[in-house]
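1. after the sequence you'll find the predicted model.
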Amino acid sequence: MKIKIRIQSFLLTSFCCLLVSGCSFKLQSEPRQNSKWIALPDLPGASGAVSAHYAGMHNGMILVAGGCNFPDTPAAEGGAKKYYDIIYALDTTDMPSGTWKKVGRLSVPVAYGASVSTSKGVVCLGGNNSTQSFSSVFMISWNRDSQKIDCYNLPSLPYSIDNLAATVYGDSIYVAGGNQNGIPGCSFLRLDVNNITKGWEVLPEFPGVARLQPVLAAQKSASGVKIYITGGFQPELKEATPVLPIDLLSFNPQTNSWDSISSLPKLNDGSLRTLTGGCAVAYGDSALLFAGGVNYTIFKDAISRDRNKIEAKAKGDTLLLNQLTNEGVTYMFHPALWYRFNQDLLCFNTYTGLWTTLGNFEQLSRAGAVLVVYNKNILILGGELKPGIRTSKVNLYQMY
């Protein structure tokens, strides 16, 4: 039975406790020597191995909803993408064992939205399926008394958005990037949960190119709380070639202005890094953690291939044209390691501006996953291991 999402007014007392998980402790320079990964129960069924899903924590429950995959025929063989509406829950008191329970359904199948964990529930924003993109915003919460899911509508976004990013700090939810009404954009929005009747406030757009599948996080800094965005990509637009930004931008809510504050650290081989399709969380009171995402060079080559073929043909470069054509034919058939998804757990200190690599872990080698802080540890849920291949794995990293 599908859950009927009901509309409810939210008073000041309903939302005044919105917090980013884990903002009261500091991140040490590196995890302790006994840090380790723990495998939690896999998400169940055909709808378990998904990417681009909603996920978060509320009232001791890990909640996962929606997402998409290729359950029948692989994407490499022309299979159709399927979108899901199932909501699963795992009780953290049962970890590392336990069982995922199907606790409800969304009103529609959806993926490629964004989600943030708050003290009142997991807020789910935007997304799309095979037929439409959505502007809807709603909150999924776990009712301890009834042992069931409650869902509430929040003010809709001013336009449909998919492949976006979101974060929360204090009483504000922020949304950035994605396709706005189907067009890649640089929009930046804020919802004051103490004044939801006001709806979404349109803030200054982030500078530079549009960003699909960026990452967004909020954290304290020497000059106050800031919102940080990185990753994402601008696909080919008219005459513009595809672009993968490699910078980290920050937005200052006090001045309503954007700044470029850092470049992403290069990979060990000196090549450029992107966090496109990755995930991020605020950790402690001075750190941002980044994980997952695609490889800059491999992904840029893939999204530029059609344009490069046209140019090669126009120049009469048959050798290059044949090479690019063959690369396109074989692209989806390589083993997962060939795609070199990011395995580093990166930390950016918002006070010092320094980057640190906290480790290199195969558990993080995913795109379209969700990262969540839980009891000073981090959880990574689902995602894509390579183009078209999803995972049902859920892993917890005991950092301390």
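-> Great, that's in hand.

2. could you confirm Ser304 falls within a helix?
-> Yes. Assessed by DSSP: H, G, I helix; E, B strand; the rest coil, Ser304 belongs to a helix.

3. identify the residues contacting it.
-> Contacts for Ser304 were tallied using CB atoms under 8 Å, 6 or more residues apart in numbering; they are 236, 241-242. Heads up, the C-betas are built off the backbone N, CA and C, glycines and all.

4. hmm, 7 Å instead?
-> By CB atoms under 7 Å, 6 or more residues apart in numbering, the residues touching Ser304 are 241-242.

5. phi, psi for the closest residue in space to Phe348 that isn't next to it in sequence please.
-> Nearest in space to Phe348, with sequence neighbours left out and distances taken as CB to CB, 6 or more residues apart in numbering, is Leu288 at 4.6 Å. Backbone torsions of Leu288, given as degrees, to the nearest 10, read phi -120, psi 130.

6. residue contacts, Leu288?
-> With contact taken as CB under 7 Å, 6+ apart, Leu288 is in contact with 217, 219, 228, 280, 282, 348, 350.

7. hey, what's it bridged with?
-> For Leu288, the beta-bridge partners under DSSP bridges are Ala282, Phe348.

8. and it, how far from Asn326?
-> Using CB to CB, to the nearest Å, we find Leu288 at a distance of 40 Å from Asn326.

9. got it, and Asn153?
-> As judged by CB to CB, Asn153 and Asn326 stand 50 Å apart.

10. what do you get for Asp85?
-> Counting by CB to CB, the separation of Asp85 from Asn326 is 39 Å.

11. try Asp317
-> For Asp317, the distance to Asn326 - CB to CB - is 14 Å.

12. who has more neighbours out of these two?
-> In this view Asp317 and Asn326 are compared by other CB atoms under 10 Å, and Asp317 has more residues nearby, 15 against 10.

13. could you find the closest non-adjacent residue to the most centrally placed residue in the chain?
-> Centroid-nearest residue in the chain: Cys279, 4.6 Å away (criterion: CA atoms, centre = their mean). Counting by CB to CB, 6+ apart, Cys279 lies nearest to Leu371, which is 3.9 Å off, once chain neighbours are set aside.

14. what about Gly224, which SS state?
-> What three-state DSSP gives for Gly224 is coil.

15. pLDDT at it, what is it?
-> Model confidence at Gly224, expressed as pLDDT, equals 95.

16. show me what contacts it?
-> 252, 254.

17. can you do 8 Å?
-> Taking CB under 8 Å, 6+ apart, one finds 252-254 in contact with Gly224.

18. same question, Leu354
-> Applying CB under 8 Å, 6+ apart, we find Leu354 in contact with Phe348.

19. gap between it and Ser286?
-> Look at Leu354 and Ser286: by CB to CB, they are 11 Å apart.

20. returning to that earlier point: out of the contacts of Leu288, which is nearest to Asp145?
-> Ranked by distance to Asp145 (CB to CB), the contacts of Leu288 are led by Ala282 at 30.2 Å.

21. thinking the closest one is in contact with Ser221, fair?
-> No. Using CB atoms under 8 Å, Ala282 is not in contact with Ser221; the gap is 11.0 Å.

22. so, low pLDDT: which residues of the stretch 1-150 of the chain?
-> Regions of the stretch 1-150 of the chain meeting the criterion pLDDT under 70 cover residues 1-34.

23. one more pass at 90, please.
-> By pLDDT under 90, the low-scoring segments of the stretch 1-150 of the chain are 1-35, 45-48.

24. ranges for the strands of it?
-> Under the criterion DSSP state E, counting those that start in this stretch, the stretch 1-150 of the chain contains strands at 6-7, 36-40, 54-58, 61-65, 68-69, 82-83, 86-91, 101-105, 114-118, 121-125, 137-143, 148-154.

25. Lys36: neighbouring residues, count only.
-> Applying other CB under 10 Å, we find 11 residues neighbouring Lys36.

26. mind listing what the residue lying closest to it once chain neighbours are set aside touches?
-> Once flanking residues are discounted, Lys36 sits nearest to Gln398: 5.5 Å by CB to CB, 6+ apart. By CB under 8 Å, 6+ apart, the contact set of Gln398 is 34-38, 377.

27. what does stretch 85-94 rub up against?
-> For stretch 85-94, the surrounding residues in contact (CB under 8 Å, 6+ apart) are 2-3, 40-41, 43-44, 47-48, 57, 60-66, 98-110, 140, 142, 149, 374, 394.
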